[in-house]
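Visitor: no sequence on hand, only this structure:
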């Protein structure tokens, strides 16, 4: 299955950047379409925070992180 998770910069906020994540299911294989709404996305808040942390460290190495 192709990578469907994407990030988009929304706006700079005091002390950081507001970022949203979204899933692009436009290339989802027909095999998965029937149960996509009940199974996907499978990502916990903890995993989302970790992923956004990696993105933040990559985009601005050494910068302070609000709430970290």
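Guide: Alright, I've got the coordinates. Predicted, not measured: the structure shown is a model, and the values here were computed from it. Numbers count the residues shown, from 1 in each chain.

Visitor: need the phi and psi values for the closest residue in space to residue 63 that isn't next to it in sequence.
Guide: Nearest residue to residue 63, sequence neighbours excluded (Cβ to Cβ, 6 or more residues apart in numbering): residue 56, at 7.5 Å. C-beta: built from backbone N, CA, C; applies to glycine. Main-chain dihedrals, residue 56, degrees, to the nearest 10: phi -60, psi -40.

Visitor: just give me the neighbour total for residue 56.
Guide: Neighbour count for residue 56, taken as other Cβ atoms under 10 Å: 17.

Visitor: now do it, the pLDDT please.
Guide: Looking at residue 56, its pLDDT stands at 83.

Visitor: swap in the one 10 residues further on?
Guide: Residue 66 carries a pLDDT value of 64.

Visitor: for residue 50, same thing?
Guide: Listed pLDDT for residue 50 reads 87.

Visitor: so which helix or strand takes in it?
Guide: Assessed by DSSP states H and E, residue 50 sits inside helix 45-59.

Visitor: list the buried ones in that helix?
Guide: 52, 56 (16 or more other Cβ atoms under 10 Å).

Visitor: how about the residue nearest in space to the middle of the chain, secondary structure?
Guide: In the chain, the residue lying closest to the centroid (Cα atoms, centre = their mean) is residue 21, at 3.6 Å. Following DSSP: H, G, I helix; E, B strand; the rest coil, the label given to residue 21 is strand.

Visitor: relative to residue 12, how far out is it?
Guide: Distance of residue 21 to residue 12, given as Cβ to Cβ, to the nearest Å: 18 Å.

Visitor: which stretches of the protein have low pLDDT?
Guide: 1-7, 9, 40-41, 65-68 (pLDDT under 70).

Visitor: now do 50
Guide: For the chain, the stretches with pLDDT under 50 are 1.
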